[in-house]
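Enquirer: coords below, sequence missing:
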């Protein structure tokens, strides 16, 4: 009965949340004999996905959560789980992740308005790696350990599964986009930055590379990623289809790169290790360093977006007591009331316009 009540209240919260979202930003007023309108400043809405932990972050006692309108929604309160991505399709919220049962079997999973749906059988190491919507369909990528030692990479379109790669280490899809009813994706195949387009997996760079962002413009796919080879040491690169069109030789020991493309500009967060092997992060626009985030704390950025002249980033500070502090920055300035003191690690966010 408790689980049914939890699902009921989650559903009520989501319906209420998105019913409120549909209200107009224009408030009609009367000024003397003249009708006029006052337009309130536009405020984008943000949805977040991550995990809540108990004790220290690295003890793996994790529970998947979504954060909507300052409300923390427990997606799997009684089972080990994680939420890696979140999207909204009209009034429905989809969260992708994984859930582990008592037998240590892990399922590629998603939650629609708080209701759990499993996409795979339970095997150790299964997980979702990306989620995307075109406003109508929902696409989820993930890894499933079928019978092979290394997992198989799949993509699900509205729950229908398609195999994308098998069965090599350092392989996975981490970004998805669509155009004209076609799906493109970016990630790694055998530790090579790779794009999936028109039914083919296309290697973009040598060993030691990867990609976590893709966007289609005029039917051409732009992929943002990193290289760390003898030819390009610790570089951020952009490929248009399979041709490199941008490179910034960072000089840091890059861990990964989170990116976003707006017009002809590239915004990206570089997560890297400093000379003392501390986790640091820096935000760039094209080849210009905008700022570093985290201060004296170790930090990692898990998402970045640009909207109406502002750069939004989410991530986490690693605290000396073994905990983390989830963070949300606007143009490099932290929103001080964001999940303050909450034991939550943020993996992704969705900007609703």
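Expert: It's in. Because the structure is a prediction, the values reported are computed rather than measured.

Enquirer: which residue ranges of the stretch 51-200 of the chain form helices?
Expert: With DSSP state H, counting those that start in this stretch as the criterion, the stretch 51-200 of the chain has no helices.

Enquirer: what stretches of it score poorly on pLDDT?
Expert: Within the stretch 51-200 of the chain, no range satisfies pLDDT under 70.

Enquirer: ditto for the stretch 201-350 of the chain
Expert: For the stretch 201-350 of the chain, the stretches with pLDDT under 70 are 229-232.

Enquirer: where along it do the helices fall?
Expert: Under DSSP H, counting those that start in this stretch, the stretch 201-350 of the chain gives no helices.

Enquirer: strands of that one, start to end?
Expert: Using DSSP state E, counting those that start in this stretch, the strands of the stretch 201-350 of the chain run over residues 210-217, 220-227, 235-240, 243-249, 253-262, 265-273, 279-285, 288-293, 298-307, 310-318, 324-330, 333-334, 344-352.

Enquirer: what's the spacing between the third one and its chain's center?
Expert: Averaging C-alpha coordinates over strand 235-240 and over its chain gives two centres that are 19 Å apart (Cα atoms, centre = their mean, to the nearest Å).

Enquirer: in stretch 72-82, which residues are buried?
Expert: The neighbour-count check on stretch 72-82 (16 or more other Cβ atoms under 10 Å) flags 73-76, 79-82 as buried. No exception for glycine: its C-beta is placed from N, CA and C like everyone else's.

Enquirer: list the buried residues of stretch 274-294.
Expert: 279-284, 293-294.

Enquirer: how about the contacts made by residue 195?
Expert: For residue 195, the contacting residues are 184-186, 201-202, 204, 211, 214, 221, 223, 239, 241-242, by Cβ atoms under 8 Å, 6 or more residues apart in numbering.

Enquirer: most tightly packed of the strands of the stretch 201-350 of the chain?
Expert: Among those, the stretch with the highest mean neighbour count (mean count of other Cβ atoms under 10 Å) is strand 220-227, at a mean of 24.

Enquirer: does residue 326 really touch residue 345, like I thought?
Expert: Yes. Using Cβ atoms under 8 Å, residue 326 is in contact with residue 345, at 6.5 Å.

Enquirer: overlap in contacts, those two.
Expert: 50, 316.
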